[in-house]
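below is the structure, and that's it, no one-letter string:
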Ligand SMILES: NC(=O)C[C@H](N)C(=O)O
């Protein structure tokens with residue numbers, strides 16, 4: 001009899017399901033028990049055990065008939081940003097209190113069509129705005145990792161902090177995430193798991209609560225690179241309901257994993273060597289470079305000259321788009337509406353509802369976004385940021401045209417930090433977490449975070465690989481080679 005079923009990877013669970021060594025109902029029960037026991041992580045905000053059991057039974061019936069796609073019977077957590085039919089979907093915001101969608105996001109529908117099982121909805125930063133999962137209306141998520149024997153709790157990163165924590169603590173086999181400026185890759189790096197943001201347009205955004213529409217992308221958060229390949233294949237594909245979804249064939253990503261990267265050219269961008277970069281991050285990057293070289297890749301120093309403008313450009317463009325997308329939350333159409341005083345009119349209703357419904361970080365972004373889009377400042381900020389975005393995209397196009405196959409960088413400037421450590425500081429300190437990840441969103445490229453080392457205090461550290469557009473298969477294979485070489489096997493202490 002197999003034990004610790006919640007600890008399985010997708011690929012091992014799939015093989016065991018197909019062989020009849022385990023059932024989806026058994027896998028699902030093991031995960032539900034883990035979810036129940038690890039409430040202190042605050043990773044799940046809405047459990048769906050009845051739905052999970054029904055989906056698991058249906059998956060077992062499908063497998064018995066020999067119709068078993070790779071995701072069939074696999075228990076997942078779903079980030080609260082995905083609209084799920086009949087299941088509360090609040091984007092971790094008070095303003096969406098009581099919102100239960102009548103429809104299913106395309107990504108979750110694709111997963112369910114492939115037989116996946118949903119255990120529940122996962123915590124996140126409010127509207128995906130944050131890098132520590134501390135802006136959620138449900139409260140912060142706890143990272144299952146600790147610094148040595150230190151009792152202090154750490155953040156799992158954000159915005160997909162619930163997804164990262166749940167996968168790292170083995171509450172589910174994998175989870176969905178979304179990434180606007182690093183929200184899959186940064187929490188993956190902070191929790192020792194793998195997360196890929198695919199090329200913009202690879203996954204449909206339909207039914208995912210919009211933050212910054214020109215940057216948002218969904219992707220898998222998994223225990224291994226192989227699992228990311230399997231799950232991404234099931235999530236993506238053309239969707240006529242999203243005009244930015246690409247009509248490009250989806251290859252069998254898993255079949256492309258052979259670990260052979262001989263002759264591949266890996267670029268090391270000098271602009272990512274930031275002032276004051278911790279020596280442990282420097283070392284991780286150098287070690288990762290050596291691993292790829294030993295695996296047969298050619299290493300080349302490259303320049304991406306506009307990198308230093310990426311973070312400011314992102315923190316103009318993302319709030320601008322957010323201020324427009326979030327205008328729909330007015331107290332009339334969705335969720336929360338403030339109690340009104342005698343004599344209040346519609347303006348007071350909007351103002352009070354939005355003041356109560358949005359948390360501070362969301363309010364800050366709406367204000368910044370409204371400002372940079374206002375008539376007098378549009379050219380100085382928004383238009384200039386858009387031009388910078390084009391230059392950043394061109395930097396990448398030039399290095400890829402010069403023969404670079406993938407780019408290696410650290411995923412984050414540090415290991416996971418303590419809860420509360422950055423929330424009291426200047427918000428820019430928090431934004432600096434995204435310094436290595438936002439370029440990828442601005443350029444619409446695929447990027448993957450792979451756990452590759454441990455710092456002195458025993459915390460996981462991740463490396464990022466950036467690939468050519470639509471070549472996720474190649475990127476995953478390079479990540480696979482890095483994963484094999486790094487041999488990261490550490491796990492956090494048991495949480496349930
Ligand atoms: N959504 C993301 O990708 C997270 C990013 N840190 C932000 O706050 O915008």
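Noted; the coordinates are in hand. Everything quoted here is computed from the prediction, not taken from an experiment. Numbering: from 1, shown residues only.

chain center to the helix with the most length in the chain: distance?
Among the segments of the chain that qualify as a helix by DSSP state H, the longest is helix 384-401. Its chain's C-alpha centre and that of helix 384-401 lie 23 Å apart, by CA atoms, centre = their mean, to the nearest Å.

stretch 221-239 now?
On CA atoms, centre = their mean, the centre of stretch 221-239 falls 12 Å from that of its chain.

what does stretch 98-107 give?
That offset, for stretch 98-107, works out to 19 Å (CA atoms, centre = their mean).

pLDDT averaged over it - what is it?
Averaged over stretch 98-107, pLDDT sits at 97.

quick one on the thing from earlier: check whether the longest helix of the chain comes near the ligand.
No - in terms of CB under 6 Å from any ligand atom, no part of helix 384-401 sits within range of the ligand; the closest distance is 14.0 Å. The way it works is simple: take the backbone N, C-alpha and C, and place the C-beta from them, glycine included.

listing partners with orientation, what would you give for the helix or strand following that helix?
For helix 384-401, the following helix or strand on the C-terminal side (DSSP states H and E) is strand 406-410. On the basis of DSSP bridges, the sheet neighbours of strand 406-410 come out as strand 265-269 (parallel), strand 460-467 (antiparallel).

strand 406-410 vs helix 384-401, what angle?
Between the axes of strand 406-410 and helix 384-401, defined by axes from the mean of the first three to the mean of the last three CA atoms, to 10 degrees, the angle is 120 degrees.

out of everything not next to it in sequence, what's closest to residue 349?
Excluding the flanking residues, the one nearest residue 349 by CB to CB, 6 or more residues apart in numbering is residue 331, at 5.4 Å.

let me fix that, I meant to ask about residue 161.
Leaving out its chain neighbours, the residue that sits closest to residue 161 by CB to CB, 6+ apart is residue 133, at 2.8 Å.

okay but the one you found is in contact with residue 123, surely?
Yes - Residue 133 lies in contact with residue 123 (CB atoms under 8 Å); the separation is 6.3 Å.

mind listing the shared neighbours of the two?
Both residue 133 and residue 123 are in contact with 141, 161-162, where contact means CB atoms under 8 Å, 6 or more residues apart in numbering.

run through the helices of the stretch 1-150 of the chain in chain order.
10-19, 24-37, 49-64, 106-113 (DSSP state H, counting those that start in this stretch).

just checking, what packs against the shortest one?
Pointing back at helix 106-113 there. Counting contacts by 3 or more CB pairs under 8 Å, 6 or more residues apart in numbering; DSSP states H and E, helix 106-113 is packed against strand 174-179, helix 225-235.

for residue 495, find the nearest of these.
Closest to residue 495 of the helices and strands packed on helix 106-113 is strand 174-179 (CB to CB; 15.4 Å).

run the chain-centre distance for that closest one.
5 Å.

what's the first helix or strand after that strand?
Per DSSP H and E, the first helix or strand lying C-terminal to strand 174-179 is helix 185-191.

what mean pLDDT does the helix or strand just after that next one get?
Where DSSP H and E defines the elements, the next helix or strand beyond helix 185-191 is strand 194-197. For strand 194-197, the mean per-residue pLDDT is 98.

what does the stretch 251-400 of the chain have sitting close to the ligand?
Residues of the stretch 251-400 of the chain found near the ligand (CB under 6 Å from any ligand atom) are residue 318.

what segments of the stretch 251-400 of the chain are strands?
Remark: strands assigned in the stretch 251-400 of the chain by DSSP state E, counting those that start in this stretch are 265-269, 298-302.
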